[in-house]
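Q: Can you look at this prediction? I've put the sequence above it.
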Amino acid sequence: MRRTRLARTIRFSSTVATACAVAMLWASAAAQTAQNPPAPARPPAAAPVPATSPLTTAWGVPNLEGIWISGDTTPVETPDPSDQTSLAALSKWFPGNDFTSEKTATTDPVVQYPPSKRRALVTEPSTGRLLIKQKAIDERDYNLVHLLDSYANHTLWERCISRGAPLLPAPYDAAYQILQTPDQIAIFYELLHVTRIIPISDQPRVMSNIKQWFGEPRAHWEGKTLVVDSVNFRDKTILGSATTSRRLRGLPHSEKLHTIERFTRSDNGTIHYEVLINDPETYETSWVASFDLLAPPPSYQILESACHEGNEYMPAALRGARVEEGTIQSKRPERR
Amino acid sequence: MTSWLGVRTTTATMAAVAAAFIFSIATQGQTQTPPAYKAPRLPYGAAPNLNGTWQVANTANWDLQDHQGARSPILAMGGWGAIPPGLSVVDGNEIPYKPEALAKKKENLQKRLELDPEMKCYLPGVPRAIYMPYPFKIVQTPTQMLMSFSYAATTRVIDMTKVPKAPVDTWMGYSSGKWDGDTLVVESRGFNDRTWFDRAGNYHSAALRVVERFTPMSADVLNYEATMTDPSVFTRPWKISMPLYRRVGRDAELLEFNCVEYVEEMMYGDLVKKPTK
């Protein structure tokens, strides 16, 4: 299992797709004929392995330390037959993907999640469907239709900037390493090597005039649950980046985004995670998603996700489009 | 003749003295007496508590060695981009390049606007991450140690329990840590050959190994040392040292400086579709 993942990583880092988000897009963009790469052979199922950290810290609160994977394969939203047409702009880049399917394929099952009995990660609204405002959908689709006009029309993930703060499931490199002290939590995201440092404190916020991709978080304990409340997000931030996010993929949010995440260590190998999303510019109502983070096998090693450094997709895709337009000559640039 | 030691020296004893002298330089830092300061411990652990926001207050990122002030490499940057002078952070000021490697360093310097990975907001590597002119946070628990850098959303996780294998070459290397008294000692390897040490073109190969030492000197100062070993580029190991200062109050807030988005126009702007008139 590890060898599969490592082999893929080596292939990626030595070729194109340390810009992981783009692994599926790059070929399509360069040639204007979208293709999915061959799916790697699915390794044998592995049950979640107990994390090594004790359930409680020395100072008596639940212990969240360790490496956790967010890879639940349940679709974010309850699938709906209308998705295939409403996701037409996305389908152009991923032909053959069935966005009405109950199942979402993963490509890197480091942890084999138990078969899902749920239709959606979204628990509120109870329909499992998001009420997305048309303005946000239009902006998302404009970017997809005009994807190759500019780097700026790509999602923040494809640009190697951010995949959003909430720990929504992703198909690979979806590990999070948590460190915990009495007054702070650090969450290191394997993908894009970013770290959120969250004060467990009610100290007043200071960033009313400064917006961040990770917002400005404050955390407190409610019983056995760590509650992380974040505001002051950057405009255009995304929450879903993989095709598995479907309608959420690449959906831009506003500065009014407000997230409340709840981390509950439910057993040795599991943190139950729940996130409430509120953004009146983007949604008619707030929504909640919940799922488990699972401990990977002890051999799991976080790898360096040097996405921007290996983002050969971006210049290749843009150059290809300009060459097709005839606005620049087809001269391959020097590497490095 | 009679030496200052009061014994008749022979060639052999002179060589021995010289060797001892060189050895004492090479091992300086390992053998110096520990500082009198005793750092506060972790709330729930025996190790010195390094949690906090840290930053250098020097110009090492411009040039590790002695350097005069100079006009900006980009003339339009004027006083904003002018290079401030700085004293060397390298022990003895000399970086012991092999002759051919020194030629490459000089070429790097000539082409630095094009070649310095910092220009493209690439990961800074080790030890450069530490003395970039931006803050970083240490998050330390009894079992884990993490450094989160404002620049380029860089993170280093230092394994305090084992020496991690480096499955592929990386920008930030694979690091393991241990305590030598109150000093955090971090060994890193598994680097690629793409990071630099500074904006002056000082560089290394993928054979680089770095040993860093973080020693608390007072509540708000760490002494930082890094010893670089890279037989492909240098004739011997060499060492830098400098203080790291704690940022306090509002200054301790670590803001995102994910500069990737600030270099996209420079890197890809010529490939963006021009508006049709």
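A: Yes, it's here. This is a predicted model, so every value here is computed, not measured.
Q: only C-alpha atoms for contact and neighbour calcs from this point on.
A: OK.
Q: Cross-check the contact I'm expecting between A:His169 and A:Val111.
A: If you look again at residue A:169, you'll see it is Pro, not His. No - using CA atoms under 8 Å, A:Pro169 makes no contact with A:Val111, being 11.9 Å away.
Q: Now do the shared contacts for these two.
A: A:Gly71 (CA atoms under 8 Å, 6 or more residues apart in numbering or on different chains).
Q: Could you check which of these two is surrounded by more residues?
A: A:Pro169 (26 against 23; other CA atoms under 10 Å in any protein chain shown).
Q: got a list of what the more buried one touches?
A: Neighbouring residues of A:Pro169 by CA under 8 Å, 6+ apart: A:70-73.
Q: In CSV, list these along with pLDDT and neighbour count.
A: Putting the contacts of A:Pro169 into CSV (pLDDT from 0 to 100; neighbours: other CA atoms under 10 Å in any protein chain shown) gives the following:
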residue, pLDDT, neighbour count
A:Ser70, 92, 25
A:Gly71, 87, 26
A:Asp72, 87, 25
A:Thr73, 83, 25
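Q: Of the residues you listed, which is the nearest to B:Asp159?
A: A:Ser70 (22.2 Å; CA to CA).
Q: returning to that earlier point: what is the nearest of the contacts of A:Pro169 to chain B?
A: For the contacts of A:Pro169, the residue nearest chain B by CA to the nearest CA is A:Ser70; the value is 19.6 Å.
Q: I'd say the closest one and A:Gln177 touch.
A: No - taking contacts as CA under 8 Å, A:Ser70 lies outside contact range of A:Gln177: 11.2 Å.
Q: Quick check: residues of the stretch 1-150 of chain B near chain A?
A: B:44, B:122-123, B:139-141, B:144, B:148 (CA under 8 Å from any CA of the partner chain).
Q: now do the stretch 151-277 of chain B
A: So far as CA under 8 Å from any CA goes, the stretch 151-277 of chain B lies against chain A at B:153-155, B:167-168, B:170-172, B:255-256, B:258, B:260-261, B:264, B:268, B:271-273.
Q: In helices only, show me these.
A: B:260-261, B:264, B:268 (DSSP state H).
Q: for the stretch 51-200 of chain B, what spans make up the strands?
A: Ranges of strands within the stretch 51-200 of chain B are B:52-55, B:136-140, B:144-149, B:155-159, B:174-180, B:183-189, based on DSSP state E, counting those that start in this stretch.
Q: Dump those to JSON lines, plus distance to A:Glu124.
A: As requested, the strands of the stretch 51-200 of chain B are exported to JSON lines (distance: least, CA to CA, whole Å):
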{"stretch": "strand B:52-55", "distance to A:Glu124": "39"}
{"stretch": "strand B:136-140", "distance to A:Glu124": "35"}
{"stretch": "strand B:144-149", "distance to A:Glu124": "34"}
{"stretch": "strand B:155-159", "distance to A:Glu124": "34"}
{"stretch": "strand B:174-180", "distance to A:Glu124": "42"}
{"stretch": "strand B:183-189", "distance to A:Glu124": "46"}
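Q: Farthest pair within the residues of the stretch 1-150 of chain B next to chain A?
A: B:Tyr44 and B:Tyr122 (36.3 Å).
Q: before we move on, the earlier item: please convert the buried members of the ones in helices among the residues of the stretch 151-277 of chain B next to chain A into PyMOL selection syntax.
A: Selection of buried members from these for PyMOL, criterion 16 or more other CA atoms under 10 Å in any protein chain shown:
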select buried, chain B and resi 260+261+264+268
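Q: which one of the ones in helices among the residues of the stretch 151-277 of chain B next to chain A sits closest to B:Ser241?
A: B:Val260 (29.2 Å).
Q: B:Ala82 touches B:Gln68, doesn't it?
A: No - if you go by CA under 8 Å, B:Ala82 and B:Gln68 don't touch, sitting 10.9 Å apart.
Q: Which one of B:Tyr44 and B:Tyr122 is surrounded by more residues?
A: Neighbours were counted for B:Tyr44 and for B:Tyr122 using other CA under 10 Å; B:Tyr122 has more, 23 against 14.
Q: What residue, apart from its backbone neighbours, is nearest the more buried one spatially?
A: A:Glu309 (5.8 Å; CA to CA, 6 or more residues apart in numbering or on different chains).
Q: what about B:Arg128, how many neighbours?
A: Count around B:Arg128 with other CA under 10 Å applied: 18.
Q: What is the burial count for A:Pro204?
A: With other CA under 10 Å as criterion, A:Pro204 counts 7.
Q: Assign it to helix, strand or coil.
A: coil (DSSP: H, G, I helix; E, B strand; the rest coil).
Q: Turn the residues of the stretch 1-150 of chain B next to chain A into TSV, columns for pLDDT.
A: Formatted as TSV, the residues of the stretch 1-150 of chain B next to chain A follow (pLDDT from 0 to 100):
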residue	pLDDT
B:Tyr44	87
B:Tyr122	98
B:Leu123	98
B:Val139	98
B:Gln140	96
B:Thr141	92
B:Gln144	89
B:Ser148	98
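Q: Make JSON lines from the strands of the stretch 51-200 of chain B and add distance to A:Thr243 and mean neighbour count to it.
A: As requested, the strands of the stretch 51-200 of chain B are exported to JSON lines (distance: least, CA to CA, whole Å; neighbours: other CA atoms under 10 Å in any protein chain shown):
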{"stretch": "strand B:52-55", "distance to A:Thr243": "37", "mean neighbour count": "23"}
{"stretch": "strand B:136-140", "distance to A:Thr243": "33", "mean neighbour count": "23"}
{"stretch": "strand B:144-149", "distance to A:Thr243": "29", "mean neighbour count": "23"}
{"stretch": "strand B:155-159", "distance to A:Thr243": "27", "mean neighbour count": "22"}
{"stretch": "strand B:174-180", "distance to A:Thr243": "31", "mean neighbour count": "20"}
{"stretch": "strand B:183-189", "distance to A:Thr243": "36", "mean neighbour count": "21"}
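Q: what's the closest of the ones you listed to A:Pro95?
A: strand B:155-159 (36.2 Å).
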